[in-house]
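Undergrad: I'll drop the sequence and a predicted model, then ask my questions.
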Amino acid sequence: MKAAIYTRLSSDPDGTSTACARQEADARAVAERSDWTVVETFTDHDVSAFGRKRRPQFERLLAAVEADEIDVVIVWKSDRLARQPRDLERFLDTAEPHGATLASVTEPGFTGSAGILMLRQMVAFANYESSVKSERIQRKKQELADLGDDGGGPRPFGYRRKNRSLVIDRSEAKEIRAAAKALLSGKMTQTDIGADWNARKVGGRASWTSTRVLAVLRAPRLAALRVHRGVVVGPASWTPILTVEDHERIRSFSDSRKKGKRKARNPYLLAGLAVCALCKGNLSARTDGYYSCSKGGGGCGGVSVRTHYAEEEVERQFLAVVASPEIVAGMDVPQSPDSAPLADELRIAEERVAEIATEYGAGRLTLEEFRPASAAAKERAEVARAALAAVVEDEALARPDSEEILRRWNDADVTERQRWLRSYVSQIIVRRSQVPSRKGFDRDRVRVAWRYPALMKWADYTDVPDHGEPIPI
């Protein structure tokens, strides 16, 4: 008879276990005693049979049985083959039509109706055993999260583990604080930080990508916030590296940058801002160098303007306004609420969550008392956290400093320039030229509609400041 051996090990993260080799040796001994010829061994290493993760070698085994290449499958124990009833039924549905059977090193034979019934019961019990273990692990993780304790796993950058607790790594924490300050002030991007860290091999590595840097700086643990199943569940028991307010600023800042990049995939400065003066439809940026009102896009088709000249005129007007202290000072810019009281409210709420967890951990609260009190405190903290995040996002998207714009405009990319424009400008209105084309580009074709009352006169068709002579073409 042609025999196949199937071995499996659920967890072997460092690849040093010899369990599969021992399973195979015992299975070969069974084959030798039974005078079976082992034609192949299928091994799923470091793969659980309880979850839904695909087991490549198990799938190959089924294919081999279906191809009539195997008469008997040998396993060390039935739970090596399956811990989910559905996987066992797949094996039985494949094996039965082809006359293949299952043999176990440590269990009696699975022949006849009684043998198959026993096999199904053993797999069902293995499934139950795994379920109980999973529930116990999840309950322990939940308890650690409720108490704000570290949940284990790889050492996070900025901290080291000591006596199963997180303690600050001073040198790495210093790098994190400096990077956070540079990012929020606009002095460095995450790409710049990554390049700097790679050059100095911060953390003993030179593999810092912009994505990895941002993931580190955005991590809630830096503000001593405990995360469980992707959700902040309360304060942690370790010391923070960043304040909660700075943590929210970094997250809001990076989120706004992502939103800006998604909106600014079009490489044209006025994309999404330029509109037709005749029908108020959006002008499309064409690859032949024009912004145009397209009939195909629902417009009237009555206006088009050269990309270069329109962008140059908007840039001229925009920088003239930004450079005028009198105009900027007169702008009635809505002020965001002060974030400090909200940060205090969040701190108080999180301290209450921690206090309740401490009371429960010390045995002064029963589980029935702990759960509603903890849920109420966490809800209060979540409301404060959401309010703080909203205020911080408003601040992150607020009108930028005019001096920063003037200093960085020439070196900024289209995405950054668009962000600055949108903070001052609501629309760019383009009309037909009133000047013969032979005299050059008519500057009055391009009107800027500003967001603030002090600038609205610039968008008035009947009373627009002189834009100067046409640009020679």
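TA: Sure, I can see it.

Undergrad: separation between the spatially most central residue of the chain and Ile193?
TA: Centroid-nearest residue in the chain: Ala215, 8.2 Å away (criterion: C-alpha atoms, centre = their mean). Computed with C-beta to C-beta, to the nearest Å, the distance linking Ala215 and Ile193 is 12 Å. The C-beta positions use only the backbone N, C-alpha and C, and glycine is treated the same way.

Undergrad: And the contacts of stretch 49-56?
TA: Contact with stretch 49-56 is made by 8, 10, 44, 47, 58, 79-84, 87, 127, 130-131, 134, as judged by C-beta atoms under 8 Å, 6 or more residues apart in numbering.

Undergrad: Pull out the buried members of the residues you listed.
TA: Neighbour-count burial (16 or more other C-beta atoms under 10 Å) applied to those gives 8, 10, 44, 47, 58, 79-84, 87, 127, 130.

Undergrad: Closest one of these to Ile356?
TA: Distance to Ile356, by C-beta to C-beta, is smallest for Ser130 among these, at 32.9 Å.

Undergrad: Surely the closest one is in contact with Pro85?
TA: No. Look at Ser130 against Pro85 with C-beta atoms under 8 Å: they stay out of range, at 11.8 Å.

Undergrad: any common contacting residues for the two?
TA: When C-beta under 8 Å, 6+ apart defines a contact, no residue borders Ser130 and Pro85 alike.

Undergrad: Buried by neighbour count: which residues of whatever helix or strand Val38 lives in qualify?
TA: If you go by DSSP states H and E, Val38 is part of strand 37-45. By neighbour count on 16+ other C-beta under 10 Å, the buried set for strand 37-45 is Val38, Thr41, Phe42, Thr43, Asp44.

Undergrad: Likewise for stretch 342-357?
TA: Neighbour counts using 16+ other C-beta under 10 Å place Leu342, Ala343, Glu345, Leu346, Arg347, Ala349, Glu350, Arg352, Val353, Ala354, Ile356, Ala357 of stretch 342-357 among the buried residues.

Undergrad: what mean pLDDT does it have?
TA: Mean pLDDT, computed over stretch 342-357, is 76.

Undergrad: Reduced to three states, what does Leu269 come out as?
TA: Using DSSP: H, G, I helix; E, B strand; the rest coil, the structure places Leu269 in coil.

Undergrad: wait, doesn't it sit right on Thr415?
TA: No. At 10.1 Å, Leu269 does not count as touching Thr415 under the criterion of C-beta under 8 Å.

Undergrad: neighbour-wise, which of the two wins?
TA: Neighbour count, other C-beta atoms under 10 Å: between Leu269 and Thr415, Leu269 has more, with 22 against 15.

Undergrad: Would you list the phi and psi of the residue nearest to the centre of the chain?
TA: Per-residue torsions, Ala215: phi -60, psi -40 (degrees, to the nearest 10).

Undergrad: can you pull out the strands in the stretch 1-150 of the chain?
TA: For the stretch 1-150 of the chain, the strands defined by DSSP state E, counting those that start in this stretch occupy 2-9, 37-45, 72-75, 101-104.

Undergrad: Ala63: which of the ones you listed is closest?
TA: Taking C-beta to C-beta, strand 37-45 is the member of the strands of the stretch 1-150 of the chain nearest to Ala63, at 10.2 Å.

Undergrad: Tell me what angle the closest one forms with strand 2-9.
TA: Strand 37-45 and strand 2-9 are oriented at 20 degrees to each other (axes from the mean of the first three to the mean of the last three C-alpha atoms, to 10 degrees).

Undergrad: Determine the set of other helices and strands touching strand 37-45.
TA: With contacts taken as 3 or more C-beta pairs under 8 Å, 6 or more residues apart in numbering; DSSP states H and E, strand 37-45 sits against strand 2-9, helix 19-34, helix 56-66.

Undergrad: If we use 10 Å, what do you get?
TA: The contact analysis (3 or more C-beta pairs under 10 Å, 6 or more residues apart in numbering; DSSP states H and E) places strand 37-45 against strand 2-9, helix 19-34, helix 56-66, strand 72-75.

Undergrad: Can you name the residues in contact with the shortest one?
TA: I take that to be strand 72-75. 1-8, 23-24, 26-31, 34, 36, 38, 41-42, 61-62, 64-65, 81-82, 91, 95, 99-107 (C-beta atoms under 10 Å, 6 or more residues apart in numbering).

Undergrad: what about that strand, distance to the chain center?
TA: A distance of 44 Å separates the centroid of the chain from that of strand 72-75, by C-alpha atoms, centre = their mean, to the nearest Å.

Undergrad: who does that strand pair up with?
TA: Strand pairing for strand 72-75, using DSSP bridges, gives strand 2-9 (parallel), strand 101-104 (parallel).

Undergrad: Please enumerate residues in contact with the shortest one?
TA: Residues outside strand 101-104 that contact it (C-beta under 10 Å, 6+ apart): 1, 3, 5-6, 27, 30-31, 34, 36, 70-82, 88, 91-92, 95, 109-111, 115-116, 119, 122.

Undergrad: ok, 7 Å please
TA: Under the contact criterion C-beta atoms under 7 Å, 6 or more residues apart in numbering, strand 101-104 has outside partners Val30, Val72, Val73, Ile74, Val75, Lys77, Ser78, Ala95, Gly109, Phe110, Thr111.

Undergrad: out of those, which are buried?
TA: Applying 16+ other C-beta under 10 Å to the contacts of strand 101-104 flags Val30, Val72, Val73, Ile74, Val75, Ser78, Ala95, Phe110 as buried.

Undergrad: Switch those over to a markdown table; also include distance to Val305.
TA: Converted to a markdown table, the buried ones among the contacts of strand 101-104 look like this (distance: C-beta to C-beta, whole Å):
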| residue | distance to Val305 |
| --- | --- |
| Val30 | 83 |
| Val72 | 79 |
| Val73 | 74 |
| Ile74 | 78 |
| Val75 | 74 |
| Ser78 | 75 |
| Ala95 | 73 |
| Phe110 | 80 |
